[in-house]
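1. What follows is a predicted protein model with its sequence.
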Amino acid sequence: MDAHSTGADSAVVKSAVVKSVAVTSVSAKIVPLKKGPLIARLLLAWLVMAAVFYSAGHLMVQQVLPLLQWLANSVSDQYAAQLSLGASQQGAIIQIAATISHNIFYGSLPIAPKGAVLTAAGTLVHALSPLVILFSLLVCWPAPWRLLILRLVMGAVFGLLIILGTLPFLLVSHIEGTLHAATQQFITEPVPMPRVFYWVMFVEMGGLWLLPILAALGTIGLSHSFYSKASVNS
Amino acid sequence: MATHIVSAQVATAPPRQPLGWFAAGFCAWFMAFECAYFFIPDDFLRDVIYQRFLVAPSIWLIHVLSPAELVTGRQNLLLAPHGNLEIVRGCDGAGAVFLLAAAMLAFQAPSFRKLQGILLGVALLVVLNYARIVGLYFLSAHASGAFLIVHSYLAPTFIILLSCCVFALWMRTVPERTVRW
């Protein structure tokens, strides 16, 4: 009888319960946490992670800036987007400068001429806030240190995917919004919203919190599975 | 001995639910809430929900804390000489409520427990949201340099993590022999 879970959806097996001393740390199931004061751990994790990403977040984003820029340019061929990091009174910002590639028309109406540059910026910490949630959840969930390291590495991968899936599109939505507004002012009937708006609306109205929670669940589930298999094999 | 351990584990074991199913249910409930929220008309949200349930109570709280504050309300706006605070979709605390409710609905527990958890959790989040709005008002009035980082970074992450905490604590109260719904 296989005594360990093979995946997140596998049923609980009695021998797995017998062999697993710390059931909550091996089984990839939802079980209530028992160790230590949860609120205090989570508060401490939040403080640490908020400080880490506030102070070093721009260094992390700098490493993936070319990839973010490539994703921003994948939204539309109407402009060439360039991303850069900057600073403001409120902290680090990420800026987008979109140079119009060719004259943009809506029907026969001129909207934007070739060579025009549209700019927008956003506070970097807002875009990094999912990582604060993700890593706070990962570090405060009790685990042996090897499992914790595995979890943090996997969390970094998920965190990167979240940033790549949200940040460039949040920036591009400002550019698309400007073009949309420029078009709408000449036309009485509603101009169709750019498709990127739907994703950005989801992100800004709760998706930015849902994604790191799902990433944390996925990380914890996968890391438990890998760790339990490694424990059996060793 | 193995039987005893199994018995002991089963007798005291917390409720179990495959993680994947929970995540799928959690996602589905959250998306349902978001879709329903999206279809609420802007003017109803602004003139009824925000004005009556967010702006007016927040102004009352501000006056309780600092009677000298010259703040009034109109629709979704807190109006003050130093600047106005506007409550809009995405910045009204609904996201945290949806996340907590979705998690409790997705978790295998008796319906009564879910209702109890959602009501208490939402009540806590409502109180936190008022504290957030009032705090942001005072920041905008007296420490505007910190407004953006608190509004877009610290407050949302704190509230979301606290929601996760509330859910985890609620899970502990769910009895191990649960009725499947």
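-> In hand now; what should we look at? Everything numeric in this text was worked out from a predicted model, so none of it was measured.

2. how near is the residue nearest to B:Leu54 when sequence neighbours are not counted to B:Arg132?
-> Closest residue in space to B:Leu54, ignoring its immediate chain neighbours: B:Ile87 at 5.4 Å, by Cβ to Cβ, 6 or more residues apart in numbering or on different chains. The way it works is simple: take the backbone N, C-alpha and C, and place the C-beta from them, glycine included. According to Cβ to Cβ, to the nearest Å, B:Ile87 stands 11 Å off from B:Arg132.

3. cool, A:Leu214 as well?
-> 24 Å.

4. These two: who's more crowded?
-> B:Arg132 (22 against 19; other Cβ atoms under 10 Å in any protein chain shown).

5. which residues touch the nearest residue to that one once chain neighbours are set aside?
-> Among residues not flanking B:Arg132 along the chain, B:Ala155 sits closest, at 5.1 Å (Cβ to Cβ, 6+ apart). Taking Cβ atoms under 8 Å, 6 or more residues apart in numbering or on different chains, we find B:Ala155 in contact with B:132, B:135-136.

6. What strand or helix carries B:Ala155?
-> Assigned by DSSP states H and E, B:Ala155 belongs to helix B:155-173.

7. Just give me how far that helix sits from the chain centre.
-> A distance of 9 Å separates the centroid of the chain from that of helix B:155-173, by Cα atoms, centre = their mean, to the nearest Å.

8. May I have that helix exported as CSV, CA atoms only?
-> What follows is helix B:155-173, C-alpha atoms only, in CSV (Å, rounded to 0.1, in the frame of the first residue of the first chain):
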residue,chain,number,x,y,z
ALA,B,155,-3.1,48.4,4.3
PRO,B,156,-4.2,46.0,1.6
THR,B,157,-1.5,43.4,2.4
PHE,B,158,-2.2,43.6,6.1
ILE,B,159,-6.0,43.2,5.7
ILE,B,160,-5.6,40.3,3.2
LEU,B,161,-3.2,38.4,5.5
LEU,B,162,-5.5,39.1,8.5
SER,B,163,-8.3,37.6,6.5
CYS,B,164,-6.2,34.5,5.9
CYS,B,165,-5.6,34.4,9.6
VAL,B,166,-9.3,34.7,10.4
PHE,B,167,-9.9,31.8,8.0
ALA,B,168,-7.2,29.6,9.6
LEU,B,169,-8.6,30.3,13.1
TRP,B,170,-12.2,29.6,11.9
MET,B,171,-11.0,26.3,10.5
ARG,B,172,-9.9,25.2,14.0
THR,B,173,-13.5,25.6,15.2
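
9. re the thing from before, looking at the contacts of B:Ala155, which are in helices?
-> B:132, B:135-136 (DSSP state H).

10. Reformat these as CSV; add pLDDT and distance to A:Leu118.
-> Shown next, in CSV, are the ones in helices among the contacts of B:Ala155 (pLDDT from 0 to 100; distance: Cβ to Cβ, whole Å):
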residue, pLDDT, distance to A:Leu118
B:Arg132, 94, 33
B:Gly135, 93, 34
B:Leu136, 92, 30
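
11. Closest to A:Ala98 out of those residues?
-> Nearest to A:Ala98 among these: B:Leu136, at 31.2 Å, using Cβ to Cβ.

12. now the closest one: how far from A:Pro190?
-> 33 Å.

13. now A:Leu214
-> 33 Å.

14. give me the number of residues near A:Gly86?
-> Residues near A:Gly86, counting by other Cβ under 10 Å: 11.

15. what do you get for A:Gly91?
-> Counted by other Cβ under 10 Å, the residues lying close to A:Gly91 total 18.

16. neighbours around residue 73, how many?
-> No chain in the question, so chain A it is. 17.

17. um, chain B though
-> Other residues close to B:Gly73 by other Cβ under 10 Å number 23.

18. Three-state assignment for it, please.
-> Three-state assignment for B:Gly73 (DSSP: H, G, I helix; E, B strand; the rest coil): strand.

19. and the particular helix or strand that has A:Ala230 in it with helix B:155-173, angle?
-> Per DSSP H and E: A:Ala230 is located in helix A:208-233. Angle of helix A:208-233 versus helix B:155-173, following axes from the mean of the first three to the mean of the last three Cα atoms, to 10 degrees, is 50 degrees.

20. For helix A:208-233, which residues meet the burial criterion?
-> If you call a residue buried by 16 or more other Cβ atoms under 10 Å in any protein chain shown, then helix A:208-233 has these buried ones: A:208-225, A:227-228.
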